[in-house]
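*Asks:* coordinates only, sequence not included:
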């Protein structure tokens, strides 16, 4: 048995980026990434983007997400001015990009994919062998209830539409943790069901995606690699992790 912090991520529009890709096509996953959820936690705790050591401290946490409703896909077409890439030149903000001489700017075209009416339930727990950390699951839960910074589903234009409703539950694996969360927050499940019924949508059987070292991974249908472990905020570098895909009985992902 171990403690799990479980909470809801729901947004009318969301962008669950799969990787940092400045090219012509920016797609969205059907679920929040580990780096994206760490970003929500960091914002709740009041961690600034420049505080890499505090962001690194979150690496002691394992992660899982249950896709309650992946949402519908939507697309947006963009044109933007950007400076050309040069060796050893980096820009911290959009303002820095536009501050270069005007003759250096070029136009790029991109199509961006989003998700509308997406619901997901996330779980965090400490990795095996972690003895101490600068935070506890309960302190993160308190921060999610009263976040220091606004919480977004991928972009600043995508605020959450529901409180995160965090709960710390004790369970033998992440599947049991999600079940315990549903029992503890019946009003969230009832709202999710009634919301999609009002939209004329049927709630699908949820699929769980979990770090592969949780006991629930033994019932997974497959193991995937996902590059969403935040390694460097300034360099936009992400590491690879093993993710167990736990499909509903009789269902497919």
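*Replies:* Received, thanks. All values reported here derive from a predicted model rather than from experimental measurement.

*Asks:* could you measure from residue 212 over to residue 78?
*Replies:* 36 Å (Cβ to Cβ, to the nearest Å). (Each C-beta comes from the backbone N, C-alpha and C, glycine too.)

*Asks:* show me where the chain has helices.
*Replies:* 34-45, 52-56, 94-98, 137-145, 174-184, 186-198 (DSSP state H).

*Asks:* what's the offset of the fourth one from the middle of its chain?
*Replies:* Relative to its parent chain, helix 137-145 has a centroid offset of 16 Å by Cα atoms, centre = their mean, to the nearest Å.

*Asks:* what is that helix packed up against?
*Replies:* strand 2-14, helix 34-45, strand 106-126, strand 167-171 (3 or more Cβ pairs under 8 Å, 6 or more residues apart in numbering; DSSP states H and E).

*Asks:* tell me what residue 69 is bridged to.
*Replies:* Note on residue 69: beta-bridge partners by DSSP bridges are residue 119.

*Asks:* go ahead and confirm it touches residue 192.
*Replies:* Yes. Residue 69 is within contact range of residue 192, at 7.2 Å (criterion: Cβ atoms under 8 Å).

*Asks:* and residue 180, how many residues sit next to it?
*Replies:* For residue 180, the count of nearby residues is 17 (other Cβ atoms under 10 Å).

*Asks:* for the closest residue to it other than its chain neighbours, give me the pLDDT.
*Replies:* Distances taken as Cβ to Cβ, 6 or more residues apart in numbering place residue 169 nearest to residue 180, at 4.0 Å, with adjacent residues excluded. In this prediction, residue 169 carries a pLDDT score of 96.

*Asks:* who touches residue 169 in this structure?
*Replies:* Counting by Cβ atoms under 8 Å, 6 or more residues apart in numbering, residue 169 touches 3, 4, 6, 177, 180, 181, 184.

*Asks:* repeat for residue 225
*Replies:* Contacts of residue 225 by Cβ under 8 Å, 6+ apart are 240, 241, 242, 243.

*Asks:* kindly provide the distance from the third one to residue 7.
*Replies:* So the one you mean is residue 242. From residue 242 to residue 7 the distance is 23 Å (Cβ to Cβ).

*Asks:* who has more neighbours out of the two?
*Replies:* Under the criterion of other Cβ under 10 Å, the comparison of residue 242 against residue 7 puts residue 7 first, with 26 against 13.

*Asks:* bridged to the more buried one, which residues?
*Replies:* What pairs with residue 7, by the bridge criterion (DSSP bridges), is residue 122.

*Asks:* do I have it right that it meets residue 165?
*Replies:* Yes. Between residue 7 and residue 165 there is a contact under Cβ under 8 Å: 6.2 Å.

*Asks:* returning to that earlier point: residue 212 and residue 78: which is more packed in?
*Replies:* residue 212 (17 against 11).

*Asks:* state the number of residues packed around the nearest residue to residue 104 once chain neighbours are set aside.
*Replies:* Among residues not flanking residue 104 along the chain, residue 83 sits closest, at 5.3 Å (Cβ to Cβ, 6+ apart). By the criterion of other Cβ under 10 Å, residue 83 has 16 neighbours.

*Asks:* among the helices and strands packed on helix 137-145, which comes closest to residue 227?
*Replies:* helix 34-45 (9.3 Å; Cβ to Cβ).

*Asks:* buried residues in that closest one?
*Replies:* The neighbour-count check on helix 34-45 (16 or more other Cβ atoms under 10 Å) flags 34, 35, 36, 37, 38, 39, 40, 41, 42, 43, 44, 45 as buried.
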